[in-house]
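make a model of this:
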Amino acid sequence: MSNLHIHAPKGSYIGQVRKHGCRKWQDAHGTYSRLDEAIAASAFELDGNHRLRVIFVDDAGWYEPLVVFEGARK
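Next comes the predicted model:
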């Protein structure tokens, strides 16, 4: 017999943006439960900014924030 382990952490997505040449990311409008909502919120904040990303933050605190999406304006 073998045990099956399903990893499905609970958490939220945070959209972030930054200007060209900047190092620090700025959060865009809070946290979201779905990835597509966080991408849309970041895209609305992209005016005047160059890059966007979405990170997943685990609610339990066991894991570091994970970058799940990145995008850039050309």
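
give the pairing partners of the helix or strand of the chain with the lowest mean pLDDT; include direction for each.
Of all helical and strand segments in the chain, the minimum by mean pLDDT, DSSP states H and E falls on strand 26-32, at a mean of 90. If you go by DSSP bridges, strand 26-32 pairs up with strand 11-18 (antiparallel).

keeping just the C-alphas, turn the strand it pairs with into CSV.
Provided in CSV are the C-alpha atoms of strand 11-18 (Å, rounded to 0.1, in the frame of the first residue of the first chain):
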residue,chain,number,x,y,z
GLY,A,11,-3.7,31.2,0.2
SER,A,12,-4.2,34.3,-1.9
TYR,A,13,-2.8,36.0,-4.9
ILE,A,14,-1.3,39.5,-4.9
GLY,A,15,-0.7,41.5,-8.0
GLN,A,16,2.3,43.8,-8.1
VAL,A,17,3.7,46.4,-10.5
ARG,A,18,7.0,48.4,-10.8
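
report the buried residues of it.
With burial defined by 16 or more other C-beta atoms under 10 Å, the residues of strand 11-18 counted as buried are 11, 13-17. Placement of C-beta: from N, CA and C, glycine included.

who's in contact with it?
24-35, 37-39, 41-42, 45-46, 49-60, 65, 68 (C-beta atoms under 8 Å, 6 or more residues apart in numbering).

also stretch 51-71?
Outside stretch 51-71, the residues within contact range by C-beta under 8 Å, 6+ apart are 9-18, 20, 25, 28, 31, 35, 38-39, 42-43, 45-46, 72-73.

recalculate using a threshold of 7 Å.
9-18, 25, 35, 38-39, 42-43, 46, 72 (C-beta atoms under 7 Å, 6 or more residues apart in numbering).

would you map the strands across this structure?
Remark: strands assigned in the chain by DSSP state E are 11-18, 26-32, 51-58, 66-72.
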